[in-house]
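S.K.: Here is my input, please return the structure:
(one chain, ligands or ions: 4)
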Amino acid sequence: MSLFFATERQVAIAAVRRACGLTSTVFNKLIKNETLTKGDKSPVTVGDFSAQAVVNTILSRAFPDDPIIGEEDTKDLRGDSPESTALRSRVIDLATESLAGELGLGEMEEWGLGPKHTHTPSQLLDAIDRGTYSGGAVGRMWTLDPIDGTKGFLRGEQFAVCLALIVDAKVQLGVIGCPNLSQDASKPDGPKGCMFVAVRGQGAEQMSISGANPAPVKIPVFPDGDLNMLESVEAAHSSHSFNDRVSRHLGITRSPTRMDSQAKYCALSRGDGGIYLRLPGTSGYVEKIWDHAPGSLLVEEAGGVITDARGLPLNFGLGRELRENHGVVAAGKFVHEKVLAAVKEASEEEKPNV
Ligand SMILES: Nc1ncnc2c1ncn2[C@@H]1O[C@H](COP(=O)(O)OS(=O)(=O)O)[C@@H](OP(=O)(O)O)[C@H]1O
Ligand SMILES: [Mg+2]
Ligand SMILES: [Mg+2]
Ligand SMILES: [Mg+2]
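M.R.: Residues are numbered from 1 along each chain as shown. Ligands and ions are numbered 1, 2, ... in the order given. Next comes the predicted model:
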């Protein structure tokens, strides 16, 4: 039987795998002036830029007509200042080195990828800027977060390379690479590095980053009293005190697991935590589609439910942002409705949140 999106799945896995390798190289060699602070005060590193160059180059060669919505752009890389020049050359070197390896893709030659092909600096910068697509409700488009959880990446904790294919506003394919996540949730000190792959209607699986040991993931049915909350590390990204209030309404006694990035969706999909709650703080920040697209499909294909805090589906067809959604509530299907009710009760007590 031929499966839908088989080529897209294969290319997305190869691209995320390559970017995960690159991020490990960068982490081990990152030096102080290789991190910038963006306009919104969030950090971006040479790793974010070069991983976007690599993934976008692979996608553009394999699917030249598909637009890409990527988090990063080259504004900070194209200037003439010594800082810009140094950053640019480091990003180009890292991306060039990463793209020079075998990708394990059958059509690589035909697509102009692999060790025999070189990419000029200007092609690599343009590849990063292929990510500036504005999105919308119609057609195929990819969305990429080259390093999600950059703060976690810098701390040596959780981060993820996140890629999704959206068709007519629906996420059809999601791939998340988590280089620092334990392969076996019950062995936190065991081997690390996993990849989660979901295709709509075809289920969700976890494998090692090399592709070894693929196994389906499914959100378990938690006995009452065994639930716990997954939440952001950064208090500015989602209110911890609001989550505590929701936990009290649900009778949750276990302490929350704090983790950066879409690794939270991965943990949820394999039962390593029962609820992911992300309610907006007071800053007016609007969530971006690349921070939720692959994770949302992973949750659904693992048998869970994901909505915003008001119970509405996440709308990926409104451009680069989840403009009409308010926060995120993700959980197993037997738990989700109870969480929404608890969110409502908690927000009635604490008005500014919902
Ligand atoms: N103020 C505010 N509110 C909500 N979300 C924000 C905010 N600022 C940034 N971001 C986005 O959060 C992404 C990281 O989310 P995490 O869940 O990993 O946060 S945390 O680091 O665990 O706290 C992070 O993704 P990356 O930039 O890819 O790291 C941002 O897109
Ligand atoms: Mg960022
Ligand atoms: Mg992100
Ligand atoms: Mg990012």
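S.K.: rest of the way, CA atoms for contacts and neighbours
M.R.: OK.
S.K.: Could you count how many residues lie near residue 345?
M.R.: Residues lying near residue 345 (other Cα atoms under 10 Å) number 14.
S.K.: Can you name the residues that contact it?
M.R.: Neighbour list for residue 345: 246, 249 [criterion: Cα atoms under 8 Å, 6 or more residues apart in numbering].
S.K.: what does this protein put close to ligand 1?
M.R.: 145, 147-152, 232-234, 236-237, 259-261, 285 (Cα under 6 Å from any ligand atom).
S.K.: one more time with 5 Å, if that's ok
M.R.: Proximity of the chain to ligand 1, by Cα under 5 Å from any ligand atom, involves residues 148, 149, 150, 232, 233, 234, 237, 260, 261.
S.K.: and those residues, which of them are in helices?
M.R.: residue 150 (DSSP state H).
S.K.: Out of the residues of the chain next to ligand 1, the closest to ligand 3 would be?
M.R.: residue 148 (3.7 Å; Cα to the ion).
S.K.: partners of the closest one in the sheet?
M.R.: residue 160 (DSSP bridges).
S.K.: got it, and residue 173?
M.R.: With DSSP bridges as the criterion, residue 173 is bridged to residue 165, residue 199.
S.K.: Next, find the distance separating it from ligand 1.
M.R.: In this view, residue 173 and ligand 1 are 19 Å apart by Cα to the nearest ligand atom, to the nearest Å.
S.K.: Now that residue 342 has come up, it's in contact with residue 251, right?
M.R.: No: Residue 342 lies out of contact with residue 251 (Cα atoms under 8 Å); the separation is 10.1 Å.
S.K.: Please say which of those two ends up with more neighbours.
M.R.: Legend: neighbour count by other Cα under 10 Å for residue 342 and residue 251, higher for residue 342 (19 against 14).
S.K.: and stretch 290-302, does that touch ligand 4?
M.R.: No: for stretch 290-302 and ligand 4, the contact criterion (Cα under 5 Å from the ion) is not met; the two come no nearer than 7.7 Å.
S.K.: count of neighbours near residue 129?
M.R.: 21.
S.K.: Throw the residues of the chain next to ligand 1 into CSV and include pLDDT and distance to residue 276, thanks.
M.R.: Shown next, in CSV, are the residues of the chain next to ligand 1 (pLDDT from 0 to 100; distance: Cα to Cα, whole Å):
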residue, pLDDT, distance to residue 276
148, 98, 16
149, 97, 15
150, 96, 19
232, 96, 9
233, 96, 12
234, 92, 14
237, 90, 13
260, 97, 12
261, 98, 12
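S.K.: Can you name the residues that contact the residue in the chain positioned nearest to ligand 4?
M.R.: Using Cα to the ion, the single residue of the chain nearest to ligand 4 is residue 148, 3.8 Å away. The neighbourhood of residue 148, defined by Cα under 8 Å, 6+ apart, consists of 159, 160, 161, 162, 260, 261, 262, 291.
S.K.: Neighbour-wise, which one of those leads?
M.R.: residue 160 (33 neighbours).
S.K.: Need the pLDDT of that one.
M.R.: As predicted, residue 160 sits at a pLDDT of 98.
S.K.: give me every residue that touches it.
M.R.: Contacts of residue 160 by Cα under 8 Å, 6+ apart are 146, 147, 148, 149, 176, 177, 178, 179, 261, 262, 263.
S.K.: so where's the protein shaky on pLDDT?
M.R.: For the chain, the stretches with pLDDT under 70 are 1-2, 351-354.
S.K.: any chance you could map the strands in it?
M.R.: 35-37, 43-45, 68-70, 140-148, 160-167, 170-182, 192-199, 203-208, 215-216, 229-231, 257-258, 275-278, 304-307, 328-332 (DSSP state E).
S.K.: what packs against the last one?
M.R.: In this case it means strand 328-332. Taking 3 or more Cα pairs under 8 Å, 6 or more residues apart in numbering; DSSP states H and E as contact, the helices and strands that strand 328-332 lies on are strand 275-278, strand 304-307, helix 336-349.
S.K.: can you rerun that using 6 Å?
M.R.: strand 275-278, strand 304-307 (3 or more Cα pairs under 6 Å, 6 or more residues apart in numbering; DSSP states H and E).
S.K.: could I get stretch 236-254 in CSV with only the CA atoms?
M.R.: This file holds the C-alpha atoms of stretch 236-254, laid out as CSV (Å, rounded to 0.1, in the frame of the first residue of the first chain):
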residue,chain,number,x,y,z
ALA,A,236,7.2,34.5,31.0
HIS,A,237,6.1,31.9,28.4
SER,A,238,3.3,30.4,30.4
SER,A,239,2.0,31.3,33.9
HIS,A,240,3.2,28.7,36.4
SER,A,241,0.9,30.0,39.1
PHE,A,242,-2.1,29.6,36.8
ASN,A,243,-1.1,26.1,36.1
ASP,A,244,-0.8,25.4,39.8
ARG,A,245,-4.3,26.6,40.2
VAL,A,246,-5.6,24.3,37.4
SER,A,247,-3.7,21.4,39.0
ARG,A,248,-5.5,22.1,42.3
HIS,A,249,-8.8,22.0,40.6
LEU,A,250,-7.9,18.6,39.0
GLY,A,251,-6.6,17.2,42.3
ILE,A,252,-3.1,16.8,40.9
THR,A,253,-0.6,16.3,43.6
ARG,A,254,2.5,15.4,41.6
